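J.: what follows is a predicted protein model with its sequence.
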Amino acid sequence: MLLVGSVLKGYAVVASDGRIGTVSDFLFDDRTWKVRWLVVDTGVWLSGRKVLVHPSAIGHANYELRELSVALTMAKVKGSPDILQDQPVSQQMESHHYEYYGLDPLWGGTSYFGGGAIGAPLPPTYYDGRERRQRDEMEARSHEGDPHLRSVAEVTGYHVHASDGQIGHVEDCLFDDTDWTIRYLIIDTRNWWPGEHVLLSPYGVKEISWSRHLVRLGVDRDRVKSSPPWKPLDTVEEAYERRLHDHYHWPGYGW
């Protein structure tokens, strides 16, 4: 099922034995477009602390109750490593979470829709000891923010350019809740094509300039304008996705 990212923000996050907080953000890998962490604001339960939950623990969303279930206990979440407020998630911080939850840091592979097993045991981490300098460099990098780990909230609002000019900005995204991949970016084209929205798969993204807050596409504006029409209230059915992918010559999603 495809879920709208902004709709999920603020949903209650419920562990197997009680509520742990609300959805604050999603952190995704910009190589695979898979969610690596759900950011949960624990509010008064843990004195405003935020925690990371791996997508392998996320259950289905309950739209009526505005809840997202996770297959964890409150005690397990409470004992998870701390993350620094308003600071990038470092590689070392992620490593501590993977070790704590017993997860595979390569879940999702290294390219868009790459392979990877959810919840695979984490292999021991070790250095070969040949050069102290290598160990020191690795240790220094482990404290830096992971350059491939991006916030959905950060990307929202980025300008989107086709090969021959601007078409709009990222308004939202659609998650596939079976593997927690960002399947489509929702683009608001109001300044170029008033009143219209288009869906773009990460397959169509040529480049993202994080410093300039800019998404570049590998197609021109005419190609975007002639794509199958879509409205924000429309349900994204497989038949529509097939037409969309045929239009852009994108690979399918296992069809």
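T.: Arrived safely, thanks for sending.
J.: start and end of stretch 53-62, how far apart?
T.: With C-alpha to C-alpha, to the nearest Å as the measure, stretch 53-62 spans 18 Å from end to end.
J.: just the buried residues of it, please?
T.: Judged by neighbour count (16 or more other C-beta atoms under 10 Å), stretch 53-62 contains these buried residues: 53-58, 61. C-beta coordinates here come from the backbone N, C-alpha and C atoms, glycine included.
J.: from the chain's centroid, how far away is the helix or strand hosting E171?
T.: Taking DSSP states H and E as the criterion, E171 maps to strand 165-176. Relative to its chain's centre, strand 165-176 lies at 14 Å (C-alpha atoms, centre = their mean, to the nearest Å).
J.: so the helix or strand following that strand versus strand 165-176, what angle?
T.: Using DSSP H and E, the helix or strand that directly follows strand 165-176 along the chain is strand 181-188. Following axes from the mean of the first three to the mean of the last three C-alpha atoms, to 10 degrees, one obtains 140 degrees for the angle between strand 181-188 and strand 165-176.
J.: for strand 181-188, packing partners?
T.: strand 2-4, strand 165-176, strand 197-200 (3 or more C-beta pairs under 8 Å, 6 or more residues apart in numbering; DSSP states H and E).
J.: adding mean pLDDT, write the ones you listed out as JSON lines.
T.: Converted to JSON lines, these look like this (pLDDT from 0 to 100):
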{"stretch": "strand 2-4", "mean pLDDT": "92"}
{"stretch": "strand 165-176", "mean pLDDT": "96"}
{"stretch": "strand 197-200", "mean pLDDT": "97"}
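J.: for these, which one ends up most surrounded?
T.: strand 197-200 (a mean of 21; mean count of other C-beta atoms under 10 Å).
J.: could you point out which element follows that one?
T.: strand 205-209.
J.: give me the sheet partners of the following helix or strand past that following strand and which way each runs.
T.: Sequence-wise, the next helix or strand downstream of strand 205-209 (DSSP H and E) is strand 214-217. The pairing partners recorded for strand 214-217 under DSSP bridges are strand 159-162 (parallel), strand 205-209 (antiparallel).
J.: and those: which comes nearest I186?
T.: Ranking the strands paired with strand 214-217 by distance to I186, with C-beta to C-beta as the measure, places strand 159-162 first at 10.5 Å.
J.: quick check: closest non-adjacent residue to T181.
T.: Of all residues not flanking T181 in the chain, K34 sits nearest, at 5.0 Å (C-beta to C-beta, 6 or more residues apart in numbering).
J.: tally of neighbours for the one you found?
T.: The tally of other residues near K34 (other C-beta atoms under 10 Å) stands at 22.
J.: so it versus H148, what's the distance?
T.: As defined by C-beta to C-beta, to the nearest Å, K34 lies at a distance of 11 Å from H148.
J.: next, E99: secondary structure please.
T.: For E99, the assignment made with DSSP: H, G, I helix; E, B strand; the rest coil gives helix.
J.: tell me which stretches of the stretch 1-150 of the chain form helices.
T.: 5-8, 74-78, 91-101, 132-142 (DSSP state H, counting those that start in this stretch).
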